[in-house]
Structures are given as C-alpha cells and as structure tokens.
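**Q** My questions are about this predicted structure, shown below with the sequence.
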Amino acid sequence: DQQVKQNSPSLSVQEGRISILNCDYTNSMFDYFLWYKKYPAEGPTFLISISSIKDKNEDGRFTVFLNKSAKHLSLHIVPSQPGDSAVYFCAFSGNTGKLIFGQGTTLQVKP
Amino acid sequence: DAGVIQSPRHEVTEMGQEVTLRCKPISGHNSLFWYRQTMMRGLELLIYFNNNVPIDDSGMPEDRFSAKMPNASFSTLKIQPSEPRDSAVYFCASSFPLAGGPGRGETQYFGPGTRLLVL
C-alpha cells in the first residue's frame, strides 16, 4: 500500500536552471504536504511545506505546488545551485502527526 | 540548541545480539518519532510517542523491536535478537505540535541517524 510515490529516483540539472521534483499521492485525507532535504550522513531537514487549503507556497528559491485534483505535489528550485545536490523527500501528514515519506529523489546540480 | 542527539552513530554487531539505540529529543518537543531507512523501503515510521506515551507502533516490524520513552528527554529503540535484515539507518525525530494539536504541519527535526550493520 504505497500512498506516496516519487517516480524519479534521480534528476540531474545544470547550475542556474530550474529543478522540478515531483510526488504523487493517493490518500485524499492528507492535510499537510512537506519537502525534506537530506545530505549524506545527515538526517533529513525540513525545507518547505504547504497546507491543503493552498496551491502554492514560496520561500526564496523554493516553491511548492499542490494540485489536489491530480493528487500531485511538486517542488521547484530556481535557480539551482550545486549546494542543492541532495536527496529530496516529499512527506504527507493527516491529523495524527505522522509523516509518510516518499522514496526520495536524488538531485545533482552540475556546475 | 544541540538538536536531536542520537547514539551511537554507528553500530556493528553480530546476528542474535541485542542492540540499543538512543535518542535525546530537542528540549521542549513533546512528540518523538523513530524511523528506519533502507534501500528497499525508503524512510518508514516505526513508532511515534506523544508526551512520552506510544501513540502508534504499527510500523514496528515485529516483536524483536521495542521502544521506550521513560521521560521527555530520552528514548530507546531496542532490537533483540538482531538479524542481518535489520541493517539500516535508524533516525529519531522530534517535534512540537502547532496550535490545534498534532498533524497541523509541524516540522519534525531529525537526528543524524544511527547506521546499524548486523553481520
């Protein structure tokens, strides 16, 4: 029962261009949608989130888009920087405080 | 703030041995989570405490796994006996619920993880 899918295990982007990471979900009860970033040998760190009542949230170079009808979440990073190279996880929560994570997408930003 | 502290950072043990992983959450946080990350299953929630009480342990794989939170500043995850398939990175995370209770988009803060290898 895979409620969250990140279909692209990896993504390679040139520095300065846009990175687009995608996530699909099946559970319509999710209220909050989050993105976490993970560097090797470190724990995931929170990046940006959006509630189900919004369709867009922006924080600097990072923008999260939510399409509830399509059950699709995306993260845009523009412009991409080499320091953005990491594994990105989408995560979803309902009303219990639990987070359900996607499998992760490894982003490589080439100088 | 020191963040979430986990120990040990690395553990190598032999099959059948008992393994104890430790976590100190961020002071003031009243929710604590244990996760396991593997290549096959990604990042999966094992158990979740709120105010030191286990709320959801449906992710605990089997009876060999147990978790305790004797007080607000300490939690353990124990595997007894350990098996090679338990090899993974185990993360502890803590959070403080926003107004309205848990599940309102609060941020979970993760520790650096314990890399466990069971031979």
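**A** Arrived safely, thanks for sending. Numbers count the residues shown, from 1 in each chain, chains lettered A, B, ... in the order given.

**Q** For the rest of this, base every contact and every neighbour count on C-alpha atoms.
**A** OK.

**Q** contacting residues for the residue of chain A most remote from its centre?
**A** The outermost residue of chain A relative to its centre, with distances by Cα atoms, centre = their mean, is A:Pro111 at 22.1 Å. A:Pro111 makes contact with A:14-15, A:81-82 under the criterion Cα atoms under 8 Å, 6 or more residues apart in numbering or on different chains.

**Q** can you rerun that using 10 Å?
**A** A:13-16, A:80-83 (Cα atoms under 10 Å, 6 or more residues apart in numbering or on different chains).

**Q** how near is the residue lying closest to A:Pro9 once chain neighbours are set aside to A:Ile48?
**A** Closest residue to A:Pro9 apart from its sequence neighbours, by Cα to Cα, 6 or more residues apart in numbering or on different chains: A:Thr105 at 4.5 Å. Distance, A:Thr105 to A:Ile48, by Cα to Cα, to the nearest Å: 16 Å.

**Q** now do A:Pro79
**A** Counting by Cα to Cα, the gap from A:Pro79 to A:Ile48 is 16 Å.

**Q** about what we covered before: tell me the most packed of the contacts of A:Pro111, by neighbour count.
**A** A:Ser80 (24 neighbours; other Cα atoms under 10 Å in any protein chain shown).

**Q** Isn't it up against A:Gly60?
**A** No. Counting by Cα atoms under 10 Å, A:Ser80 stays clear of A:Gly60, with 11.6 Å between them.

**Q** which neighbours do the two share?
**A** Joint contacts of A:Ser80 and A:Gly60 (Cα under 10 Å, 6+ apart) do not exist.

**Q** neighbours of A:Lys54, just the number please.
**A** Quick note: A:Lys54 (other Cα under 10 Å) scores 12 neighbours.

**Q** Which residue is the nearest non-sequential neighbour of it?
**A** A:Lys54's closest residue in space is A:Leu66 (Cα to Cα, 6+ apart), at 7.3 Å.

**Q** quick one, what contacts the one you found?
**A** Here A:Leu66 is in contact with A:23, A:33, A:50-57, A:72-75 (criterion: Cα under 10 Å, 6+ apart).

**Q** Any of the residues you listed buried? List them.
**A** Of the members of the contacts of A:Leu66, the ones counted as buried by neighbours, 16 or more other Cα atoms under 10 Å in any protein chain shown, are A:23, A:33, A:50-52, A:56, A:72-75.

**Q** I'd like the residues you listed laid out as CSV, including distance to chain B and pLDDT.
**A** Written out in CSV, the entries for the buried ones among the contacts of A:Leu66 read as follows (distance: Cα to the nearest Cα, whole Å; pLDDT from 0 to 100):
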residue, distance to chain B, pLDDT
A:Cys23, 14, 96
A:Phe33, 8, 92
A:Ile50, 8, 93
A:Ser51, 7, 90
A:Ser52, 10, 90
A:Lys56, 15, 97
A:His72, 18, 96
A:Leu73, 15, 96
A:Ser74, 17, 97
A:Leu75, 17, 98
